[in-house]
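Chemist: From the sequence below, what's the structure:
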Amino acid sequence: MVVEFDELVAVGNRLLIGFQQGLEFLRRPPINKTSELVEKIIKSNETKSVKSYVEAGCINSHDGTQIVHTCQRGLQDHLSKVKCILSDMESLLDDVVGGMQTTNENLSDLQDRYFDEFGQQEPAYDKEETASTHASRLHKHEATDYAALMAIIFSMVKQDYMMQERIISSLNFKSLTTELENYCLLWSLRPFINDEIMHQAWKILP
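Modeler: Next up, the predicted model:
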């Protein structure tokens, strides 16, 4: 699920850039027809289609509009797919937490402990501890870390999804160039995602 989500984010980024380029194409300034050179070129190649193209400002607005609409539809489809992944992750998290209800661990405490211990070595055990007890504690430690990691990943992915949703819902033909540039930057930077934790998730999450 984590890998699939990352792949969808990359596809969404390309669609957002396509939307931006489509709008910029429609906003291109028309050819300067007052130029003698341009006027000669147009007259020497003047056909009905060229004349219509020049009258339209030398912009094929149909193609530009088609690009924008295609990217918008693609981004809406992207949101639907990400929402399904979120739903699957939430169900998996509920199953993991439900399976741990027999313990007295609190999920928020688990997340805090995971952040504290992330990147650290496993704690040492008493030398007199039996192998079976050690194994039991280690298993519990792994299970609780798995639940904490799941909760953290779900939280990050959900925030990333909400950011993408706000960006996509604000897109229209009046979107400013500076706005689109900022949207593309935010999408690629993914401010709510911790890359180290995501790499850890790739190793253990389905």
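Chemist: Who are the contact partners of the closest residue in space to residue 2 that isn't next to it in sequence?
Modeler: Distance criterion CB to CB, 6 or more residues apart in numbering; nearest residue to residue 2, sequence neighbours excluded, is residue 201 at 4.8 Å. The C-beta positions use only the backbone N, C-alpha and C, and glycine is treated the same way. Shown in contact with residue 201 (CB atoms under 8 Å, 6 or more residues apart in numbering): 2, 149, 153.
Chemist: Who wins on neighbours among those?
Modeler: Neighbour counts for the contacts of residue 201, by other CB atoms under 10 Å, peak at residue 153, which reaches 22 neighbours.
Chemist: give the contact list for it.
Modeler: 2, 89, 197, 198, 201, 205.
Chemist: Low-confidence bits of the protein, can you list those?
Modeler: 29-35, 37-63, 99-143, 204-206 (pLDDT under 70).
Chemist: how about the strands in this structure?
Modeler: Using DSSP state E, the chain contains no strands.
Chemist: Serialize the contacts of residue 153 to JSON lines and add fields for distance to residue 82.
Modeler: What follows is the contacts of residue 153, written out as JSON lines (distance: CB to CB, whole Å):
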{"residue": "2", "distance to residue 82": "12"}
{"residue": "89", "distance to residue 82": "10"}
{"residue": "197", "distance to residue 82": "18"}
{"residue": "198", "distance to residue 82": "15"}
{"residue": "201", "distance to residue 82": "16"}
{"residue": "205", "distance to residue 82": "16"}
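Chemist: Please flag which of those residues sit within helices.
Modeler: Within the contacts of residue 153, residues falling in helices by DSSP state H are 2, 89, 197, 198, 201.
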